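# structure of the sequence below:
(one chain, ligands or ions: 2)
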Amino acid sequence: MAKVLVSDSVDQAGIDILSQVAQVDVKTKLSPEELVATIPEYDALMVRSGTKVTEEVIEAGNQLKIIGRAGVGVDNIDVPAATRRGIMVVNSPEGNTIAAAEHALAMMLSLSRHIPEANQSVKEKKWERKNFIGSEVYKKTLGVVGLGKIGSHVATVARAMGMKLLAYDPFISAERAEQLGCRLVDLDIIFTEADYITLHIPRTPETENLINAEALAKMKPTTRIINCSRGGVIDEEALATAVENGTIGGAALDVFAEEPLGESKLREVGSNIVLTPHLGASTEEAQTNVAVDVAEQIRDVLLGLPARSAVNIPGLNPDVLEQLRPFLQLAETLGNLVSQLAGGRVEQLNVRLQGELTDSQSQPIVIAALKGLLSQALRERVNYVNASIEAKERGIRVIETKDASVHDYSGSLRLEATGSLGEHSVTGALLSDQEMRITNVDGFPINVPPNNYMLFTLHRDMPGIIGKIGSLLGGFNVNIASMQVGRKIVRGDAVMVLSIDDPLPEGVLDEIMKVPGIRDAYTIKL
Ligand SMILES: NC(=O)c1ccc[n+]([C@@H]2O[C@H](COP(=O)([O-])OP(=O)(O)OC[C@H]3O[C@@H](n4cnc5c(N)ncnc54)[C@H](O)[C@@H]3O)[C@@H](O)[C@H]2O)c1
Ligand SMILES: O=C(O)CC[C@@H](O)C(=O)O
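Residues are numbered from 1 along each chain as shown. Ligands and ions are numbered 1, 2, ... in the order given. Here you go, the predicted structure:
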């Protein structure tokens, strides 16, 4: 049974899902050394933001297939190191969007109405109404920096509260901003005109210290800054000084350059600073969403199925993935089959999407075919993450074609492998119940479901040959589950495809090759 380590506290719903397929060990608060010592026995690791999944942890995890981040940001995971090792990293890109957006809005209102200080004052048995005169957000200007999922939701709600919206996001079109009621502007306009600035950006080299002393100096003395995105995008020292000196009106921060927040000037500023300990995603709903989302993906990957939100393989919308899933399995099976027929080194793989399949995204199908193709050489080391890189490193030329003019089944997939030992092709399709069928081998039409153990022969189409193979296998106590012959012309060449219950015993293939009329024979393990 697979083993999953959960090293931060995650919602029980996620643990329950993982427990269906794996032994789940919850070990939180491990030191970096303890994590390195513990990880080698695990197939999967599930974390929130607390665990630092460093290159050292990844190197030590020699069984690791997947790392799941129950949340959005994967900045606590060394993703390039995981990719190099063929370890998939998955996250939950949308599970906590609403929670984080609502926290930002709550921070904005707390700040403008002095709620934390007023609460503290009442608890100290005071009644200081005059000290806590706030200001309304209605008709004020909100500058949204980063108009992605969270920024968009904040903008939508803020607009409903009557705020005027400016936005800065170099990767968003003016049309998209307009749809959200935002005017897309330069950062400097936000700095100089906004009454509130809310940050919803990733921490990248470009966003590091985006809000620094120079930016703060451009703001109005009433401007309030909210950051529920990532620490490090604000120079905290400069911000504390700006609030203390009245250069700006206040700040509300949920995230910090170093977490947990250590010694910091932010704590020393008496008023107009609201601090929360990275609570953006901490709602019951969000924690259930992200734990379920990530646990389902870990479960699927452990079962050999693709994940819907792998950050280090091409992203796919879950609906598209659900639709493609049977074709990915077909592509992998055909890739595995064609590599066994090709025998030696494959130099070129042509992946042809035919008929209705031409409407689908081809990239995941190509990756699945490569995964199948390379599985003979790399076994479980190849996966959806590293299949393309491995193929490239092995000098396999991959050609992708689409041919809508082929009308068999509801779309079919043809793989043509050119290798050191010649050329082979296989075609497969799905029946209406999603059952896989191999429909063509080396140009010979057949119709057989893939089986764990198979025997393919290329032979002369002549009387008696099928009987001879049948009795030869019988003599070796090999049980045939099904048999089919495909031919192009009568008494020309033909292929015979047999599904057998067990692996072919040693020596049988040599005996088959001796049967008159047999040109070639292949044992296949799928
Ligand atoms: N506080 C929390 O608990 C919490 C919870 C969830 C997410 N987050 C963080 O919130 C942030 C936003 O998350 P999201 O889900 O909206 O992500 P997203 O990817 O949907 O949006 C991020 C946006 O930032 C924009 N962006 C990138 N570089 C930029 C730059 N230099 N200047 C301006 N915009 C830039 C992108 O174009 C994108 O639109 C992330 O950093 C995420 O990790 C925090
Ligand atoms: O609570 C958490 O795990 C962090 C949430 C958030 O920062 C994220 O990136 O999803």
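# mean confidence for the longest helix anywhere in the chain?
Ranked by number of residues, the top helix in the chain under DSSP state H is helix 318-342. For helix 318-342, the per-residue pLDDT values average out at 86.
# any idea how far that helix is from the chain center?
In terms of CA atoms, centre = their mean, to the nearest Å, the centre of helix 318-342 is found 18 Å from the chain centre.
# neighbours of the closest residue to ligand 1 within the stretch 51-200 of the chain, how many?
Distance from ligand 1 to each residue of the stretch 51-200 of the chain (CB to the nearest ligand atom) is smallest for Gly148, at 1.8 Å. C-beta: built from backbone N, CA, C; applies to glycine. Residues near Gly148, counting by other CB atoms under 10 Å, number 18.
# and the helices in the stretch 151-300 of the chain?
174-179, 187-193, 213-217, 236-244, 284-302 (DSSP state H, counting those that start in this stretch).
# quick one, the longest one and helix 318-342 angle?
Read it as helix 284-302. Here helix 284-302 runs at an angle of 10 degrees relative to helix 318-342 (axes from the mean of the first three to the mean of the last three CA atoms, to 10 degrees).
# so the next helix or strand along the chain from the longest helix of the chain versus helix 318-342, what angle?
As assigned by DSSP states H and E, the chain's next helix or strand after helix 318-342 is strand 346-354. Going by the same axes, to 10 degrees, strand 346-354 is angled at 130 degrees with respect to helix 318-342.
# the helix or strand following strand 346-354 vs helix 318-342, what angle?
Next helix or strand after strand 346-354 toward the C-terminus (DSSP H and E): helix 362-378. Put simply, helix 362-378 runs at 40 degrees to helix 318-342, going by the same axes, to 10 degrees.
# chain center to helix 362-378, what's the gap?
Worked out by CA atoms, centre = their mean, helix 362-378 lies 17 Å from the chain centre.
# the residue of the chain found nearest ligand 2 - how many residues pack around it?
The nearest approach of the chain to ligand 2 comes at Gly71, 2.5 Å away (CB to the nearest ligand atom). Other residues near Gly71 come to 27 when the count uses other CB under 10 Å.
# for this structure, what lies in contact range of ligand 1?
Residues of the chain that fall close to ligand 1, judged by CB under 6 Å from any ligand atom: 72-73, 96-97, 100, 145-151, 168-172, 200-202, 204, 206-207, 228-230, 254-255, 278, 280-281.
# so which of those residues sit within strands?
Mapping those onto strands (DSSP state E) picks out Val145, Tyr168.
# buried members of the residues of the chain next to ligand 1 into PyMOL, please.
Filtering these down to the buried ones (16 or more other CB atoms under 10 Å) takes a single PyMOL command:
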select buried, resi 72+73+96+97+100+145+146+147+148+149+150+151+168+169+172+200+201+207+228+229+230+254+255+278+280+281
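# and Leu349, how far from Arg397?
According to CB to CB, to the nearest Å, Leu349 and Arg397 sit 7 Å apart.
# and if you look at Asn76?
38 Å.
# tell me which of the two has more neighbours.
Asn76 (17 against 12).
# number of residues surrounding Leu413?
Leu413: 27 neighbours (other CB under 10 Å).
# phi, psi of it?
According to degrees, to the nearest 10, the main-chain angles of Leu413 amount to phi -130, psi 130.
# list the contacts for the most centrally placed residue in the chain?
The centroid of the chain falls nearest to Ala310 when counting by CA atoms, centre = their mean (1.0 Å). With contact taken as CB atoms under 8 Å, 6 or more residues apart in numbering, Ala310 is in contact with Met88, Val89, Val90, Gln297, Tyr384, Val385.
# can I get those in CSV including pLDDT and secondary structure?
Listed next are the contacts of Ala310 as CSV, based on pLDDT from 0 to 100; DSSP: H, G, I helix; E, B strand; the rest coil:
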residue, pLDDT, secondary structure
Met88, 88, strand
Val89, 91, strand
Val90, 92, strand
Gln297, 95, helix
Tyr384, 74, coil
Val385, 68, coil
